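# Starting from these lines, generate the structure:
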Amino acid sequence: MSIRAEADEAQRLKSAIILNIMIIDFHTHVFPDKFAHHAMKVLENNIDEPNMYCRARATAAVLVETMDRCGVDKSVVCHVATKEKQHEDLLKFAKAINGDRLISFGSIMPDAQSALEYIWKISDEGLLGVKLHPALQRCRPDDEKYFPLYDLMRALNLVLIFHAGWDPSYPDELMAPPASLLAVARNFPGLRVVAAHMGGMKHAQDVLDQVAGCKEEIYFDTAYSAEGAIDPQLFAAIVNKHGPDRILLGSDFPWHLPSQEMAMVRALDLPESDKDLILGGNAARLLGL
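Numbers count the residues shown, from 1 in each chain. Next comes the predicted model:
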């Protein structure tokens, strides 16, 4: 067999394996049914962005219905605690919806006295990761006072996902610049860090210049990248520089529907096998599925 034929066969086998992967949306949000409408209205009222609005009701049932329509097999649900007193109720809700279709991540207030305790509880309840939102939680990711939290997450093998870059609720400040998340990954080798919104919402050029292609174990998700949220050429440049093996499909449901980001991924000038990694293969590996 020639070298070219061997390469073609290897690619064929790789594609055959990847074609069986699940489609996994790594970035969604839902609320308990009785709070969902109120929670999303509060968030929408705090946002002064003409194209940023809820595309669907933010409940677990509506998310699953949307997944079925869009061909998504599993979704990671990113909960966000904004007060310490929410820890217990949030954990109970996360555990209640965690299952075959929805994979719940926990959340803690980083400055809370019970933060370390609830990281343990998140792990003990079988959840696979933690979501932190620096803007809403009023914390800077690279502040060393949070390092014990990251150290424990690493020890418990939890995935850590950050809202990265600009946030519409606090448009005049930047709590999580792309380089700050790289600093976390650099200080905690072995901790799997996901920088949402392609590494930094509205800071794609900084992501490309400062973070993309780094050697640290940091992933980007595609949440809220489609339909003008990020320039498609810049999106493609980040994917190519960072590598399709470290990009995760994310929609930011209910702000976007998964079909929007799926279409953006499928439009990339990449081999189908690389697109399949982004659409689910990387997430399955990261989550141990």
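# quick one, strands of the chain?
Secondary structure of the chain by DSSP state E: the strands cover 24-28, 74-78, 102-105, 129-132, 159-162, 193-195, 218-221, 247-248.
# pLDDT of the shortest one, averaged?
Model confidence over strand 247-248, given as mean pLDDT, is 98.
# among the strands of the chain, which is nearest Met264?
Met264 lies closest to strand 247-248 among the strands of the chain, at 11.1 Å (CB to CB). Bear in mind the C-beta positions are built from the backbone N, C-alpha and C, glycine included.
# Just the residues contacting the closest one, thanks.
24, 26-27, 194, 219-222, 239, 277-278, 282-283, 286 (CB atoms under 8 Å, 6 or more residues apart in numbering).
# what do you get for stretch 143-152?
Ile108, Pro110, Ala115, Leu116, Ile119, Trp120, Cys139, Leu160, Val184, Asn187, Phe188, Leu191.
# Same check on stretch 44-61?
29-33, 36-37, 39-40, 62-63, 66, 77, 97, 102, 168-169, 171, 227-229, 253-257.
# Now the buried members of those residues.
Among the contacts of stretch 44-61, the ones that count as buried by 16 or more other CB atoms under 10 Å are 29-32, 36, 40, 62-63, 66, 77, 97, 102, 168, 229, 253-257.
# got a list of what the closest residue to Ala112 other than its chain neighbours touches?
Nearest in space to Ala112, with sequence neighbours left out and distances taken as CB to CB, 6 or more residues apart in numbering, is Glu84 at 3.9 Å. By CB under 8 Å, 6+ apart, the contact set of Glu84 is Met109, Ala112, Gln113, Ser114.
# what about 10 Å?
Neighbouring residues of Glu84 by CB atoms under 10 Å, 6 or more residues apart in numbering: Ile108, Met109, Asp111, Ala112, Gln113, Ser114, Ala115, Tyr118.
# Near Asp172, how many residues? Count them for me, please.
Neighbour count for Asp172, taken as other CB atoms under 10 Å: 5.
# again with the one 10 residues further on
The tally of other residues near Leu182 (other CB under 10 Å) stands at 22.
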